[in-house]
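Novice: Got a sequence here, can you model it:
(chains A and B)
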Number of protein chains: 2
Amino acid sequence: MAKVTLYDTTLRDGSQMEGISLSVEDKLRIAVKLDEMGIHFIEGGWPGSNPKDDEFFRLARDLKLQHAVLVAFGSTRRVKGTVENDPNLKALLDSEAPVVTLVGKAYDRQVKTVLETSLEENLDMVRESIVYLRAQGRRVIFDAEHFFDGFLANPDYAIAAVRAAAEAGAEYVVLCDTNVGTLPNVSYDFTKRIGQEVDVPGGMHCDNDAEVAVANSLAAVQAGATQVQGTINGYGERCGNTNLLSVIGNLKLKLDTDVVADEQLQHLTETHRFVSETVNMPPNRYQAYVGESAFSHKGGLHASAMAKDDTSYQHIDPERVGNTKRIVVSELSGRGNIAIKIEEHGLSAQVPPERLGELLKLVKSKEQQGFQYEGAEASFDLLVRRAMPDYQPPFELVDFMVVMEKRRRGSDAYGDEAFSEATVKVKINDEVTFTVAEGNGPVNALDAALRKGLTLAYPDLERVHLTDYKVRIVDQGAEGTDAVVRVLVESTDGKHRWSTVGASSNIIEASWQALADSLEYALLPR
Amino acid sequence: MAKVTLYDTTLRDGSQMEGISLSVEDKLRIAVKLDEMGIHFIEGGWPGSNPKDDEFFRLARDLKLQHAVLVAFGSTRRVKGTVENDPNLKALLDSEAPVVTLVGKAYDRQVKTVLETSLEENLDMVRESIVYLRAQGRRVIFDAEHFFDGFLANPDYAIAAVRAAAEAGAEYVVLCDTNVGTLPNVSYDFTKRIGQEVDVPGGMHCDNDAEVAVANSLAAVQAGATQVQGTINGYGERCGNTNLLSVIGNLKLKLDTDVVADEQLQHLTETHRFVSETVNMPPNRYQAYVGESAFSHKGGLHASAMAKDDTSYQHIDPERVGNTKRIVVSELSGRGNIAIKIEEHGLSAQVPPERLGELLKLVKSKEQQGFQYEGAEASFDLLVRRAMPDYQPPFELVDFMVVMEKRRRGSDAYGDEAFSEATVKVKINDEVTFTVAEGNGPVNALDAALRKGLTLAYPDLERVHLTDYKVRIVDQGAEGTDAVVRVLVESTDGKHRWSTVGASSNIIEASWQALADSLEYALLPR
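Specialist: Here you go, the predicted model:
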């Protein structure tokens, strides 16, 4: 099978999913991650459509991508004879992306009803735009929108559109199942047909409205397509796009296609989690290959069969995609988990085995309150240390108070900046320090006041700062503003990174716990 | 194409999904719903494996099912020569379910390593169990576990197992992709092959570990299978089972198979929601055919094309499956989205077309600040109304102040309850009301104080309360506690439900905005 390339459009098509809104910083971080996993083409956005996408391409020039090239997406020229002045094409060139994906119509009905122009003029738009971009030194990919509907309605015209793009210099012609009437056998047949009509490699871009996007993409590859377009976790408009992670798993492990290297494949699960976190969507725990439950085995028939034969209910070795097998076991075996965890933290010497039961109870009671130590290893570490009788904390929190005011000065209630101030009392070696600070919001003020107090005694804390602050509602059952919230804080001292957790029905208190843990952990001897 | 039957195993296989636990009452309610939608076989559980399943079958005898028959699931007899006394088979008969599905091995390796018996004895187990159940007047379906792995490893044995079941009187022989190595082309080929080897109709039971379960099931039908097994919403162990709702949509609307009647098809979306609610899993809003976002249109390009031609980005008419089209407003939208949205809100008369551009700009600038109107229709409504010169708000916010203290009384810094108090000043018809309240956390206190002030003038607000309060970090780029947070609040007055949004780097302020919007919306004339 010919080399297949992966084309990711999480940053454009993915961000059109309801509930997703990406900052420029998010997009840059995701691009780096995609590069690490071995994606070949990263579509960054649609230059000229909004200021965020323009800024992304400006900043992305400084990304040191190892494998991937950046792609700018846009449409063909509008007005006849104006390729040089077409604002769309100009924005694409200004983005300085080495590859441009042009979307064009391959469906006669769409040309008439949506573009409102003649069939011949549409072919000219495709042809002239590609020729012009090629002359400016850009590589071009052609996305044939509505290809499948178009081919069914008027195959000659659909082929003509794709051929126009190929002859004008497109590097790939991508069949888009924009409207998703397509099932895998159709995807296979049409891809085969286009391969016979056109000399340029084919690609597949599929939405998931019929829950067969992954299968459609595999069928296209089996029919000779050499590019699959999609998004991480299948994000995208409506029901989403082709999930590239499942495509990668299937191509690599079921169809023996070297679409990424073995080491890159191991990033699959991490990429799933990283992108979920970054776009702030809860990771889908049931997701194929990468979900937390993808290799979980509940009790009974499955668990005992698994004990006899590992391959009974596992289609692949989970480690190949960076995931792990989990046997969902009874509460009784929790003690073993705690012991493993304590060993992982290098604290075994400090925890006598007879205290494990007690610690387990403590963890369970904390988790009942809303704490979660999976993403907050530093807080788990502190929990264990604090439970030991000889632990000496570097500081003790005594009191705090936060005041937040919003006073109207003008006539617009939203016109005035709010004002936040915090006072914090901490005890360090029997000495009490009392500090006050203001901030951009109550949590920020609290953070500032606490640091102010602690850096007097521990000047090294100057180097520690927060890199992330996340809030989640834990108890969906509790109603309204009374619900328990969990705060996760990520910190760094420039060398290490650690995460801490707080939980309370009071968001300020939860934040306070996570902040204090973060600084206490920074002061531990290492 | 021959009539295809639908076999639902939500009540057994579906309930094995991590996070799902069904009561007997839940199971009975779901069974009724499945019957309404036209499911042919409803697998209720595994009699004898737990008391819940036995009780289900006892109570299910009184269900007045219109189309469906109940099925009991179990395994073949264990010890040689004991069919009459086998506890498994006895429990199956005692359930009084008219149909029994027997699961048996078709993979030689599994017979040896898991059953730990001979290949011939396994065939006897299948044969004798089915003959016995048939003699007792039961219809029998045979689930050939691990069929695909088995067929690859030892095709003769896999066929022998299926043939043994067919000859013993099974009504369907179902190929189970238990371990999910299978892709659709393989599913097609193997199903075709079994159709040539065995006279009894074939079926397909597939797990979703490769994200192609729906496609595998369709491929099997295209190869001649006449039964598809699966679950509602694809619930099931690990990555879940074949999603029957997608299978139904595809069979009926893409493959012209009369698997359910047109009226039954209209229950698809309702069944999705009902089962999600009943099993207490958040409905997957991106789910094919039935998800809330399945026919939503967000991008400007899409929305304007939709306005010109309904079929541009809709593969089917959503009403056929009981779903509806939605136009979503976001920074990606163009003027067209805003106009459609305003129409949906019944505000067209109040917004002259020349103001659309201005409103779009306003929405985009708000979204830049972190607001998002997708999940906050009520805030969008208020945004439009406030932009109109003659809008008279029912109240105006003047000032607020929140104080949160935590004072140490004992020796444990975490031992004391925190204390929160809020004061709020609002103006109603030129009269200023100043109220104070305390709460469980600052947001809760603010909510209480605001309501206290407003209910003096608007006693109807007593009926309004919050049902959900969500916090998200928007700008992951901004560091630490300085990041912008978005608060979404959902409210109800017992009859309607609405959502509002606030955004700020100050979480209290963001909450305040969403709370105030929620109450202002409640006071609008409707």
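
Novice: Across the sheet, point out what pairs with the residue nearest to A:Thr10 when sequence neighbours are not counted.
Specialist: Distances taken as CB to CB, 6 or more residues apart in numbering or on different chains place A:Thr231 nearest to A:Thr10, at 4.2 Å, with adjacent residues excluded. For every residue, glycine as well, the C-beta is placed using N, CA and C. Taking DSSP bridges as the rule, A:Thr231 bridges to A:Asn243.

Novice: Measure how buried A:Thr231 is and give me the count.
Specialist: As a burial measure, A:Thr231 scores 27 neighbours (other CB atoms under 10 Å in any protein chain shown).

Novice: show me the contacts for it.
Specialist: Contacts of A:Thr231 were listed using CB atoms under 8 Å, 6 or more residues apart in numbering or on different chains, and they are A:8-10, A:13-14, A:240-244.

Novice: which two in the residues you listed are spaced the farthest apart?
Specialist: Largest separation among these by CB to CB: A:Asp8 and A:Gly240, giving 13.6 Å.

Novice: Can you flag which of the contacts of A:Thr231 belong to strands?
Specialist: Among these, the members falling in strands are A:Asp8 (criterion: DSSP state E).

Novice: Just the buried residues out of the contacts of A:Thr231, in ChimeraX syntax.
Specialist: The ChimeraX command for the buried members of the contacts of A:Thr231 (criterion: 16 or more other CB atoms under 10 Å in any protein chain shown) is given here:
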select /A:8,9,10,13,14,240,241,242,243,244
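
Novice: tell me which element the spatially most central residue of chain A falls in.
Specialist: The geometric centre of chain A, computed from its C-alpha atoms, lies nearest to A:Val275 (CA atoms, centre = their mean), at 1.2 Å. Here A:Val275, judged by DSSP states H and E, is contained in helix A:268-279.

Novice: What's the mean pLDDT across that helix?
Specialist: What helix A:268-279 shows for mean pLDDT is 88.

Novice: now do stretch A:367-383
Specialist: The average pLDDT for stretch A:367-383 rounds to 81.

Novice: Next, the distance between the ends of that stretch.
Specialist: Taking CA to CA, to the nearest Å, stretch A:367-383 runs 12 Å from one end to the other.

Novice: Identify the residues contacting that stretch?
Specialist: So stretch A:367-383 is contacted by A:341, A:345, A:347, A:359, A:362-363, A:366, A:474-475, A:484-486, A:488, A:498-504, A:510, A:514, A:517-518, A:520-521, A:524 (CB under 8 Å, 6+ apart).

Novice: so what's the residue lying closest to the residue nearest to the centre of chain A once chain neighbours are set aside up against?
Specialist: Computed as CB to CB, 6+ apart, the closest residue to A:Val275 that is not its neighbour in sequence is A:Ile232, at 4.4 Å. Counting by CB under 8 Å, 6+ apart, A:Ile232 touches A:8, A:10, A:14, A:30, A:34, A:243-245, A:271-272, A:275.

Novice: Over to A:Thr455?
Specialist: A:461-462.

Novice: Show me what the mean pLDDT comes to for the strand or helix carrying it.
Specialist: Using DSSP H and E, A:Thr455 sits in helix A:442-457. Helix A:442-457 shows a mean pLDDT of 92.
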